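Asker: Build the 3D model from these lines:
(one chain, ligands or ions: 2)
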Amino acid sequence: MATSTDSFYLGFDFSTQQALDLILGKMKNAGFDFSRVKALSGSGQQHGSVYWRKGTNQVLRDLHPGKSLHELLKGGFAVSDSPVWMDSSTTEQCQYLETAVGGAQRVADITGSRAYERFTGNQIAKIYKAQPEKYEDTERISLVSSFAASLFLGSYAAIDYSDGSGMNLMDIFSKQWADSCLEATAPHLEERLGALVHSSAVLGLLSPYHVTRYGFPEDCKVVAFTGDNPGSLAGMRLQEGDIAVSLGTSDTVFLWIKEPRPTVEGHIFCNPVDRPSYMALICYKNGSLTRERIRNKCAGGSWEVFSSVLRTTPIGNDGNIGIYFDAMEITPSAVGVHRFDKDNTKVAGFSAQGEIRALVEGQFLAKRVHAEKLGYKIIPGTRVLATGGASSNKDILQVLSDVFDAPVYTIDVANSACLGCGYRALQGLVAESGVSFAETVRKAPEPQLAVTPTPGADKVFAPLLRRYAELEERVLQESKQ
Ligand SMILES: Nc1ncnc2c1ncn2[C@@H]1O[C@H](COP(=O)(O)OP(=O)(O)O)[C@@H](O)[C@H]1O
Ligand SMILES: O=C(CO)[C@@H](O)[C@H](O)COP(=O)(O)O
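Answerer: Ligands and ions are numbered 1, 2, ... in the order given. Below is the predicted model:
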């Protein structure tokens, strides 16, 4: 990944096709029986975009099984460095979109989110403006998910409703491209995006390339790919009332909702497993990378030491609160490290141990404060479902449970997005006959209880939640001055 100040790009020419070649090659060498695969699906980080050069659909259709995808698709991209979700360099395009469409709330009412820098439409607008010749040379624009699906399908794959909701281009209610947003983004965009499909749609049969090269069956189906967070919702078998917390590179919180009311904070996406429903999502840019920084600074680079500090420091951190926005945060839009003592006075630093606890408590206080702002209520019976790399750390989960005053569950694999796409592939095979997702996965293992709240923690965190909300607002106001 190459980065500049706030631009993040992924070089697709080398990484993704080569990674797929490597993984499938390794599976073949390990004796994996591809002939038993009836359907496949997948997910990719949300919002990233891939720009296929004119004529590449034909290249995808004619893939020669004797060559690697990497070789075959060399030169197939009009833009070699694809923007990914961490990019926040499109503020100008966001402002333009909101002005053109009638304001931030209006954009949210249509697309489920106000204009966000990482959302694909704003990334496309920037590419159109900065590199019009590359936009002109683009035959099709894929998301990371539909790009990966295209490699399996052997032609451009449609974008699904759920990942399509992260573009600021789709009307999440009509599930069509929104003309007003397309017009404000770039010319002739609809033809470059292709049609949208529901998330359990069968896109077609696997490309003969994979049948010959790896021994997949000829009738193996490719089910629409989706975003990593929608994939996780499926993998965790989220139910209404549950709250999911994903602790990956980004931290995200998501919920299953029936009656969406988009606002200028957070996102509403179409639900990937139940067509009439939706999912609400809040994304935090400062997740694992910030935890890693504090681990390196205060725990000698060891998760063991980091965890033992969480076990031995007092719940509530003696009233000390920290807000750690190493990179410009998404929720809220503020930057910097801000530490406060129990009297809300700004302080320059905490002890190493206090810093670790302040970071983890602060991250979870933020999640609960923002989920409640979106209308979420913690009620008796609430389950917090945790996933992502840091969900393997029980001491981090204990803080999560204490802050939310609810039990935390995990599934056997931390990579719920991948598991969810296995489930969705299965759903794709039966969806047309009206079988629900819940019914499809009824035999799958249930989430396991990982931790329960420490008695008395709710009393400690009730005032801290109020204080966190006030302090975050203070940081936000100060950053605007
Ligand atoms: N024991 C651990 N404790 C805390 N964090 C961990 C632990 N093990 C892995 N992680 C974190 O998990 C992150 C990767 O999470 P993952 O969900 O795989 O990422 P992504 O969101 O990019 O898919 C790493 O950046 C690492 O900081
Ligand atoms: O931007 C968002 C969600 O809106 C991120 O959650 C991305 O979907 C990628 O996250 P990681 O998997 O890299 O954490």
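
Asker: Could you check how far the nearest residue to Arg261 once chain neighbours are set aside is from Gln105?
Answerer: Leaving aside its sequence neighbours, Arg261 sits nearest to Gly375 (CB to CB, 6 or more residues apart in numbering; 7.5 Å). All C-beta spots, glycine's among them, are computed from the backbone N, C-alpha and C. Distance, Gly375 to Gln105, by CB to CB, to the nearest Å: 16 Å.

Asker: now do Ala157
Answerer: Distance, Ala157 to Gln105, using CB to CB: 33 Å.

Asker: what does Val37 give?
Answerer: Look at Val37 and Gln105: by CB to CB, they are 45 Å apart.

Asker: Comparing these two, which residue is more hemmed in?
Answerer: Higher neighbour count among Val37 and Gln105: Val37, with 17 against 13, using other CB atoms under 10 Å.

Asker: so what's that one up against?
Answerer: By CB atoms under 8 Å, 6 or more residues apart in numbering, the residues touching Val37 are 216-217, 220.

Asker: And for the residue in the stretch 151-300 of the chain positioned nearest to ligand 1, the neighbour number?
Answerer: The minimum distance from the stretch 151-300 of the chain to ligand 1, using CB to the nearest ligand atom, falls at Gly248 (2.1 Å). Close neighbours of Gly248, defined as other CB under 10 Å, add up to 20.

Asker: Who are the contact partners of the closest residue to it other than its chain neighbours?
Answerer: The shortest distance from Gly248 to any non-neighbouring residue, by CB to CB, 6+ apart, is to Gly388 (3.7 Å). Gly388 is in contact with 232, 246-248, 251, 287-288, 414, 416, counting by CB under 8 Å, 6+ apart.

Asker: Can you select the buried ones from those in PyMOL?
Answerer: Selection of buried members from the contacts of Gly388 for PyMOL, criterion 16 or more other CB atoms under 10 Å:
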select buried, resi 232+246+247+248+251+287+288+414+416
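
Asker: From the contacts of Gly388, which shows the smallest pLDDT?
Answerer: Among those, Ala414 carries the weakest pLDDT, at 65.

Asker: Look up how far Ala184 lies from Val197.
Answerer: When distance is defined by CB to CB, Val197 is 24 Å away from Ala184.

Asker: burial count for Gly121?
Answerer: 32.

Asker: the strands in the stretch 51-200 of the chain, which residues?
Answerer: Listed in chain order, the strands found in the stretch 51-200 of the chain under DSSP state E, counting those that start in this stretch are 81-83, 138-143, 159-160, 170-171, 176-177, 196-197.

Asker: ok so, going back, would you reformat the contacts of Val37 as TSV and include distance to Gly48, secondary structure and neighbour count?
Answerer: Listed next are the contacts of Val37 as TSV, based on distance: CB to CB, whole Å; DSSP: H, G, I helix; E, B strand; the rest coil; neighbours: other CB atoms under 10 Å:
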residue	distance to Gly48	secondary structure	neighbour count
Phe216	26	coil	23
Pro217	31	coil	14
Cys220	26	coil	20
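
Asker: I'd say Glu117 and Met86 touch.
Answerer: No: counting by CB atoms under 8 Å, Glu117 does not reach Met86; the two are 9.6 Å apart.

Asker: any idea of the pLDDT on Val202?
Answerer: pLDDT for Val202: 96.

Asker: Give the bridge partners for it, please.
Answerer: Here Val202 sits in beta bridges with Val223, going by DSSP bridges.

Asker: which residues does it contact?
Answerer: When contacts are counted by CB under 8 Å, 6+ apart, Val202 touches 39, 221-224, 428-429, 432.

Asker: Buried ones among those?
Answerer: Applying 16+ other CB under 10 Å to the contacts of Val202 flags 39, 221-224, 428-429 as buried.

Asker: Out of these, which two sit at the greatest distance?
Answerer: Within the buried ones among the contacts of Val202, two members stand farthest from each other by CB to CB: Ala224 and Leu429, at 12.7 Å.

Asker: Could you list the residues in contact with stretch 355-364?
Answerer: Contacts with stretch 355-364, where a contact means CB under 8 Å, 6+ apart, come from 251, 284, 286-287, 290-291, 294-295, 297-299, 306, 309-310, 313-314, 316-317, 320-324, 339, 349-350, 396, 399-400, 403-404, 464, 468.

Asker: Please list which of the residues you listed also come close to ligand 1.
Answerer: By CB under 6 Å from any ligand atom, the members of the contacts of stretch 355-364 lying near ligand 1 are 291, 396.

Asker: can you pull the pLDDT of the residue sitting nearest the centre point of the chain?
Answerer: In the chain, the centroid-proximal residue (CA atoms, centre = their mean) is Asn229; its distance is 4.2 Å. pLDDT, Asn229: 93.

Asker: Just confirm Val305 contacts Asn296, I think it does.
Answerer: No: using CB under 8 Å, Val305 is not in contact with Asn296, being 10.7 Å away.

Asker: Tell me which of the two has more neighbours.
Answerer: Neighbours were counted for Val305 and for Asn296 using other CB under 10 Å; Val305 has more, 15 against 12.

Asker: where does the stretch 301-450 of the chain have low pLDDT?
Answerer: The model of the stretch 301-450 of the chain has pLDDT under 70 over residues 414.

Asker: In it, which residue sits nearest ligand 2?
Answerer: Closest point on the stretch 301-450 of the chain to ligand 2, by CB to the nearest ligand atom, is Gly388, at 7.0 Å.

Asker: and that residue, what are its phi and psi?
Answerer: Note on Gly388: backbone dihedrals following degrees, to the nearest 10 are phi 90, psi 170.

Asker: And it, how far from Gly204?
Answerer: Counting by CB to CB, the separation of Gly388 from Gly204 is 31 Å.
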